[in-house]
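Undergrad: have a look; sequence and predicted model below, questions after that.
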Amino acid sequence: MHKIKQLYKAKKRLISSDLPTSDRRLVLVFRFVQVTILLNLINILYLSISQSVDDYLPLFVLLLFPLFIVEYINRLVKCGQRRKSINIFLGLALVILPFVVWFEGGLLSPTIIMIPAFVMFAALYATFRDFVVTVTILTIAVFIVCLNGIYGWLPSNPAHQLSGFPRLIATFIATVTSVYVTWAIGTDLHVALKEVDTEHEQVKKSQSRVEALSQFDLLTGLHNRKSSKDIFNKMFLELDKTRQRMVFFFIDLDSFKSINDLFDHSAGDEVIITIADRIQLAVPEGTIVGRMGGDEFTAFLVVDKDFDEDKLAKKILKYISKKHHLFGSPAAVTASIGVASSNEDSFDLLLKKADMAMYLTKNKEKNGYHHYTAELEKKHMKNTIIQDQLKDSLKQELFELHYQPKIDIHTNETIGVEALIRWVKNNPNNYGPGEFMPVMESTKLVHDIGDWVIKEACKTGKHWHDLGHPLTMAVNVSSKQLTNDAFAEQVKAILEVTKFPPEYLQIELTEQFLINENEIVNKQLESLKRLGVSLAIDDFGTGYSNIGYLTRLNVDALKIDQSFVRQLSDPDGICSVIRAITKTAKVMGMKVVMEGIETPYELEQVAELGCDIGQGYLWSKPKPASQLLEQLSSFGKTPFDMPQLS
Ligand code: C2E
Ligand code: MG
Ligand code: MG
């Protein structure tokens, strides 16, 4: 009883110990085998007392050793030598089992009951090779022992053939041992199979999760690119091409990067989630909304041919730009949208087209939308070619500056020049600045090229000054250049290096970018003014200038866009506009320059309308510095052989 208690305690100890479950089970089986041996020993002791000690002594001794060997095996398991312990146990059983079967008279031995349990044990715990060897030897040994029982080659003592109570006890012990070992092994198998089932379930679950992940964007739950494409293809197959088409929207948030920079990425995530919800709210049922990554979304749907996609684009823009709270403060996000539509194009093609249209929006006004057109594609291709060609343009000295004179209309004197960039080498389609400068402005190259233009112009200006032609030098500066907060400093450095007097340098800014006041730009312009550099507003009349802003900036000249001159042949409407501009400009202390004067008639008209300065082919086309200098030197102050206006 005490031993059983101890065993129970040992079992508890073992269960709570650090041994792996299968080792703990092994130890329990071994313990049970020890108990079995012990009970058998008691049974034998009883028999030897009641019958003859000599008859049972060999068996008693033979079973006494395994009791200790199994104890040793148990320790081996605890020391982590599992394989060794199993092999010793199997070897031990191979010796004991056939001997006991022989001893007990062969076929009728109750010990035979234990053989299947032993085989099961070997199958579960031994390696395959050890299992095969053990079972083969055991089968042969037991077979021989049983044959021996029949033929009596080595007869055991007939007294050993148990009968009565000892046989009952021996059979009982063998049965209980077999049942326990089979139960223990069976339970382990059962648990193992259950674990396999659970694992299988988990694998299935994670498989479907992986599948879901491969279809949806993790952050927003919207379709990802792959899933969007799959759905698009299905919708496309069912499209009734005679009356339906697919409409595709490419939506890209404006200045999303600054949200990430200003706040942090979690704020960015919050915005993305909000926008995703809003797009879904804005679109009609059946629209597939997806996130292509970053701040790019798509939405597509099947529509009838007369569907109004402009209305939907506006609705999406309206929903996106609604105010929302970002970390407690109100914020508004806008988006640029590209729209493409077709009943033939694949997903990839429509996406590309809508993307192209989106870029147009982004480069123009933002917070708006544009449709894809074939023309847009041509332009896109052209831009790509230009960008490729211009990559190393500065190093390769692809550019030159040409100069066009500015003439005082009243005195016919050349008072200055405008420097205009020319792409003179490797220019595939003879692109002019009006075509390649906007492309350049979409890259960082604009800063280097811009600096180069100012430096070249100042160098030329200084050279002419030294030769006795004190002309004003006007350079065109793109809005992008002014967003560089070191711009004014760079201009200052150039003026110092070239020794060109600042008051002779004029910066021409297009009216377009003055529409949006910008703090960095304002600062740069103020610094330039402090340097003594003058400012002119180019292409005036094409956009919307805030007159108050122009006054604050202390602009020196307005250059009226040449489209006005082109309309002078129909003078009724345009003349009053030009007159109004010149009057206002003069009140504000600005000079008025008229660009694009080509004919004496135009000159006469603009002089009459109050313009001070003229520029145009009438006097000269833009020319390389050397040619213009030649003309200046031969004609002097009125170089272009023009009659003085009366
Ligand atoms: P802009 O600054 O308004 O320059 C005047 C444009 O009108 C020049 O075109 C000039 O060649 C052209 N022009 C002058 N007189 C006449 C005329 O009588 N008739 C006609 N039809 N055209 C005349 P260009 O050189 O092709 O330059 C186009 C635009 O490219 C410029 O317009 C300016 O905005 C930009 N650009 C030129 N050079 C530079 C530069 O160095 N930097 C920057 N950022 N932009 C430049
Ligand atoms: Mg200009
Ligand atoms: Mg202009």
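TA: Received it, and whenever you're ready, just let me know what you need. Numbering: from 1, shown residues only. Ligands and ions are numbered 1, 2, ... in the order given.
Undergrad: and the helix or strand hosting Gln207, what does it pack against?
TA: Element membership for Gln207 (DSSP states H and E) is helix 164-213. In terms of contacts (3 or more C-beta pairs under 8 Å, 6 or more residues apart in numbering; DSSP states H and E), helix 164-213 is packed against helix 21-50, helix 114-125. Every C-beta, even on glycine, is put in place using the N, C-alpha and C of the backbone.
Undergrad: ok and that helix relative to helix 114-125, angle-wise?
TA: If you take axes from the mean of the first three to the mean of the last three C-alpha atoms, to 10 degrees, helix 164-213 sits at 20 degrees to helix 114-125.
Undergrad: tell me the SS of Thr411?
TA: coil (DSSP: H, G, I helix; E, B strand; the rest coil).
Undergrad: lowest-scoring secondary structure element of this protein by mean pLDDT?
TA: Here the helix or strand of the chain ranked lowest by mean pLDDT, DSSP states H and E is helix 2-16, holding a mean of 53.
Undergrad: rewinding a little: would you mind giving the helices and strands packed on helix 164-213 as TSV with mean pLDDT added?
TA: As requested, these are arranged in TSV below (pLDDT from 0 to 100):
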stretch	mean pLDDT
helix 21-50	83
helix 114-125	86
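Undergrad: for Phe347, which of those is the nearest?
TA: Among these, helix 21-50 comes nearest to Phe347, with 52.9 Å by C-beta to C-beta.
Undergrad: tell me the buried residues in the closest one?
TA: 23-37, 39-41, 43-44, 47-48 (16 or more other C-beta atoms under 10 Å).
Undergrad: cool, stretch 581-600 as well?
TA: Quick answer for stretch 581-600 (16+ other C-beta under 10 Å): 581-582, 585, 590-597.
Undergrad: next step: those residues restricted to helices.
TA: The helices, defined by DSSP state H, take in 581-582, 585 from the buried residues of stretch 581-600.
Undergrad: let me know the closest of the residues you listed to Leu550.
TA: For these, the nearest to Leu550 is Ala585 (8.9 Å; C-beta to C-beta).
Undergrad: how about that closest one, what does it touch?
TA: Going by C-beta atoms under 8 Å, 6 or more residues apart in numbering, Ala585 touches 558, 591-592.
Undergrad: same check on Glu418?
TA: Applying C-beta under 8 Å, 6+ apart to Glu418 gives the contacts 403-404, 406, 474-476, 508, 615, 622.
Undergrad: cool, and Leu467?
TA: By C-beta under 8 Å, 6+ apart, the contact set of Leu467 is 629, 633.
Undergrad: which bits of this structure sit near ligand 3?
TA: Where the chain comes near ligand 3, counting by C-beta under 5 Å from the ion, the residues are 538-539, 595.
Undergrad: so where's the stretch 201-350 of the chain uncertain?
TA: Applying pLDDT under 70 to the stretch 201-350 of the chain flags the ranges 325-330.
Undergrad: hmm, try it at 80
TA: Across the stretch 201-350 of the chain, residues meeting the criterion (pLDDT under 80) sit at 209-214, 255, 257-265, 324-332.
Undergrad: who does the residue of it at minimum distance from ligand 3 bridge with?
TA: Nearest to ligand 3 in the stretch 201-350 of the chain, going by C-beta to the ion, is Ser336, at a distance of 27.1 Å. Assessed by DSSP bridges, Ser336 has beta-bridge partners Asp252, Gly368.
Undergrad: one more: the one 5 residues further on?
TA: With DSSP bridges as the criterion, the beta-bridge partners of Ser341 are Val247.
Undergrad: equivalent analysis for Tyr403, please.
TA: Ala419, Lys623.
Undergrad: quick one: pLDDT of it?
TA: The per-residue pLDDT reported for Tyr403 equals 97.
Undergrad: same deal with Ser478?
TA: Confidence at Ser478, expressed as pLDDT, is 90.
Undergrad: measure the closest residue to Asn224 other than its chain neighbours to ligand 1 for me?
TA: Once flanking residues are discounted, Asn224 sits nearest to Asp217: 4.9 Å by C-beta to C-beta, 6 or more residues apart in numbering. Asp217 is 40 Å from ligand 1, where distance means C-beta to the nearest ligand atom, to the nearest Å.
Undergrad: and what of Leu62?
TA: 107 Å.
Undergrad: OK, contacts around that residue?
TA: 96, 99-100.
Undergrad: now do the contacts for Val555.
TA: Neighbour list for Val555: 535-537, 588, 590 [criterion: C-beta under 8 Å, 6+ apart].
Undergrad: also Tyr359?
TA: 336, 338, 380.
Undergrad: who wins for most neighbours among these?
TA: Gly338 (28 neighbours; other C-beta atoms under 10 Å).
Undergrad: now that one: phi and psi?
TA: According to degrees, to the nearest 10, the main-chain angles of Gly338 amount to phi -120, psi 140.
Undergrad: what number of residues lie near Leu213?
TA: 12.
Undergrad: actually, Phe128.
TA: 8.
Undergrad: against Ile185, how distant is it?
TA: Separation of Phe128 from Ile185 (C-beta to C-beta, to the nearest Å) stands at 16 Å.
Undergrad: so what's the residue count around the spatially closest residue to Asn148 that is not a sequence neighbour?
TA: Excluding its sequence neighbours, the residue lying closest to Asn148 (C-beta to C-beta, 6+ apart) is Leu154, at 5.7 Å. Around Leu154 there are 10 other residues, counting by other C-beta under 10 Å.
Undergrad: which phi and psi values does Leu154 adopt?
TA: The phi and psi values for Leu154, taken as degrees, to the nearest 10, are phi -130, psi 80.
Undergrad: let me know the pLDDT of it.
TA: pLDDT, Leu154: 77.
Undergrad: quick one: it and Gly105 touch, right?
TA: No - look at Leu154 against Gly105 with C-beta atoms under 8 Å: they stay out of range, at 11.8 Å.
Undergrad: so which bits of the chain are right by ligand 2?
TA: The chain comes close to ligand 2 at residues 476, 508, 538, as judged by C-beta under 5 Å from the ion.
Undergrad: what sits against Gly450?
TA: Counting by C-beta under 8 Å, 6+ apart, Gly450 makes contact with 477-478, 481.
Undergrad: kindly recompute the last result at 6 Å.
TA: Gly450 makes contacts with Gln481, as judged by C-beta atoms under 6 Å, 6 or more residues apart in numbering.
Undergrad: the one 3 residues further on now?
TA: Residues counted as contacts of Val453 (C-beta under 6 Å, 6+ apart) are 421, 475.
Undergrad: ok, 10 Å please
TA: Counting by C-beta atoms under 10 Å, 6 or more residues apart in numbering, Val453 makes contact with 399, 401, 419-421, 433, 475-478, 481.
Undergrad: distance of Asp392 from ligand 1?
TA: Using C-beta to the nearest ligand atom, one gets 18 Å for the distance from Asp392 to ligand 1.
Undergrad: ditto for Gly149
TA: Going from Gly149 to ligand 1 by C-beta to the nearest ligand atom gives 112 Å.
Undergrad: that residue - nearest residue in space that isn't next to it in sequence?
TA: Gly106 (2.2 Å).
Undergrad: now swap in Pro624 and tell me
TA: His402 (5.7 Å).
Undergrad: correct me, but the one you found touches Trp423?
TA: No - at 11.1 Å, His402 does not count as touching Trp423 under the criterion of C-beta atoms under 10 Å.
Undergrad: need the overlap of contacts for the two.
TA: Pro433.
Undergrad: out of the two, which sits in the busier spot?
TA: Neighbour totals were compared for His402 and Trp423, and Trp423 leads with 22 against 19 (other C-beta under 10 Å).
Undergrad: neighbours of Phe540, just the number please.
TA: Phe540: 25 surrounding residues under other C-beta under 10 Å.
Undergrad: what is the neighbour count of the residue nearest to it when sequence neighbours are not counted?
TA: Of all residues not flanking Phe540 in the chain, Leu558 sits nearest, at 4.6 Å (C-beta to C-beta, 6+ apart). The tally of other residues near Leu558 (other C-beta under 10 Å) stands at 27.
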